[in-house]
Structures are given as structure tokens and as C-alpha cells.
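Peer 1: Just need the structure, nothing else, for what follows:
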Amino acid sequence: MEICEGGATARDTAPGAREAVAGDPVPVAPSVWNIANLLTVLRLFLVPVFVVALLVDDGQSTFWRWAAFVIFAVAAVTDQVDGRLARKYNLVTDFGKLADPIADKALIGAALVGLSVLGILPWWVTAIIIAREVGVTVLRFWVLRHGVIPASRGGKLKTLLQSIAIGLYVMPLPHPWEWSAHIVMGAAVVVTVATGVDYVYQALALRRRARSGSVGD
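Peer 2: All right, here's what the predicted structure looks like:
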């Protein structure tokens with residue numbers, strides 16, 4: 001669920017939008033129990049279901065591996081759908097802002113750990129991706145009082161590549177096709193590290209600007 005800097009939705013900042021004036025009706029805050037948030041909660045509930053399906057018979061069951069793939073795919077799709085619904089129908093809530101990224105990281109993190117437990121994915125790959133996600137989250141809180149680090153296109157590409165790679169690893173592909181998962185995950189790791197470095201640069205630049213402004217005052 002994506003929001004613009006400062007918490008405004010894309011709809012709020014659309015071209016041609018006018019500022020509120022006296023006499024305008026007071027906008028009603030969207031209910032927490034809206035379809036976008038329900039999809040986010042569904043994604044959270046699907047995480048443990050996905051893990052259980054993936055680990056059945058130590059990952060050797062073809063049926064359960066396909067079941068795990070379907071569950072992961074459904075959860076990943078809800079991530080796209082809930083954001084679009086929230087922006088289109090102005091359903092952005094504080095709960096959604098908090099729960100959506102938690103659900104995303106829980107799904108990706110659980111999938112990476114599960115694949116590493118099964119010996120399908122090297123632990124160093126899981127460690128790099130999880131360390132990056134935790135690091136960026138810490139950075140966002142570190143600079144929160146100075147401003148917001150907006151989501152970048154690279155970050156969106158990173159999430160897409162990670163999701164595709166995980167889906168390929170979860171599917172019980174024949175041996176010759178496993179190279180496709182390795183290639184996509186390799187690209188995901190490169191983009192993950194690159195965007196992590198970019199976030200560090202943005203965070204440092206944001207703090208420098210904030211300090212310069214304080215000195216100028």
C-alpha cells in the first residue's frame with residue numbers, strides 16, 4: 001500500500017486538486033475495516049499457512065510445494081490489489097500504513113527462511129536480504145523527524161524480483177529449470193544491495209540538510 005510523502009495519498013495530490021476552504025464538508029476518515037486493510041490482514045494470516053505448506057515432508061511433497069506456491073502467489077497479489085484500492089477509493093488509514101509493510105516483510109522473510117531451512121536457498125542470500133530490510137526500516141525511523149524517505153522505483157523492482165525468484169524456488173521445478181530461479185534471485189540480490197546503499201545515501205543527505213537548516217536558523 002503506497003502513500004505519498006507526508007502521508008497523503010496519490011488521490012489527495014492529484015493535479016487540479018484545490019485546497020479546502022471554509023464551508024467545505026469535513027472529510028470523513030475511512031473506516032479501519034475497509035477492503036484494503038482486510039486484504040492486508042489476509043496476507044498476514046497467509047504467512048504461517050504458506051510456511052506450513054512449504055515445510056510439509058521437508059519440502060519433498062510435490063502437491064504441498066505447489067500448494068505453497070499458490071498461497072504465496074495469492075498473498076503477493078493482495079499486496080498489489082490493496083494498495084490500488086486504497087489509493088483509488090481513499091481508504092488509507094494509520095493501521096494500513098503500519099500493517100502493510102509488516103505484512104510484506106513477514107511474507108518475504110518467512111519465505112526466504114523457509115527455503116534456507118530446506119537447503120534450497122543459501123543462508124547468505126537470506127541474511128543479505130533480511131539485513132537490508134531491517135536496516136532500511138531502522139534508517140526510516142532514524143530520519144523520521146527530519147523527513148520521509150520516499151519509496152523508489154528501485155525498491156519496487158527489488159520487491160518484484162524477490163517475489164518472482166521466491167515463486168520459482170517454491171515451485172517444484174525439474175532440475176534443468178532451477179537455473180531460472182538462481183538468475184532471478186541473483187538479480188534480486190544485486191538490486192537489494194544497490195537500493196539499500198541508495199537509502200543510506202538519502203538518509204545521510206536528509207540529515208545533512210536538516211542540520212544545515214537548523215544552523216541557518
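Peer 1: Which parts of the protein are strands?
Peer 2: Assigned by DSSP state E, the chain shows no strands.
Peer 1: which strands and helices sit next to the longest helix anywhere in it?
Peer 2: Assignment by DSSP state H gives helix 178-216 as the longest helix of the chain. In terms of contacts (3 or more C-beta pairs under 8 Å, 6 or more residues apart in numbering; DSSP states H and E), helix 178-216 is packed against helix 123-142, helix 153-170. (Each C-beta comes from the backbone N, C-alpha and C, glycine too.)
Peer 1: okay, now residue 82: neighbour count?
Peer 2: Other residues lying near residue 82 total 26 when counted by other C-beta atoms under 10 Å.
Peer 1: show me the contacts for it.
Peer 2: Contacts for residue 82 (C-beta atoms under 8 Å, 6 or more residues apart in numbering) come out as 1, 35-37, 39-40, 43, 96, 100.
Peer 1: In helices, which of the residues you listed appear?
Peer 2: Among the contacts of residue 82, the residues falling in helices (DSSP H) are 35-37, 39-40, 43, 96, 100.
Peer 1: what bits of the chain have low per-residue confidence?
Peer 2: Counting by pLDDT under 70, the low-confidence segments of the chain come to 1-32, 148-151, 213-217.
Peer 1: Without its sequence neighbours, what residue ends up closest to residue 35?
Peer 2: Spatial nearest neighbour of residue 35, excluding adjacent residues (C-beta to C-beta, 6 or more residues apart in numbering): residue 85 at 5.7 Å.
Peer 1: so how far is residue 127 from the one you found?
Peer 2: Relative to residue 127, residue 85 is positioned 34 Å away (C-beta to C-beta, to the nearest Å).
Peer 1: One more: residue 146?
Peer 2: 29 Å.
Peer 1: go on, residue 113?
Peer 2: Taking C-beta to C-beta, one finds residue 113 at 10 Å from residue 127.
Peer 1: again with residue 158
Peer 2: For residue 158 relative to residue 127 (C-beta to C-beta), the value is 16 Å.
Peer 1: same question, residue 43
Peer 2: 24 Å.
Peer 1: Looking at the two, which is more packed in?
Peer 2: More crowded of residue 43 and residue 127, by other C-beta under 10 Å: residue 43, with 25 against 12.
Peer 1: The nearest residue to that one once chain neighbours are set aside: what's it in contact with?
Peer 2: Nearest residue to residue 43, sequence neighbours excluded (C-beta to C-beta, 6+ apart): residue 103, at 4.4 Å. Contacts for residue 103 (C-beta under 8 Å, 6+ apart) come out as 40-41, 43-44, 47, 79.
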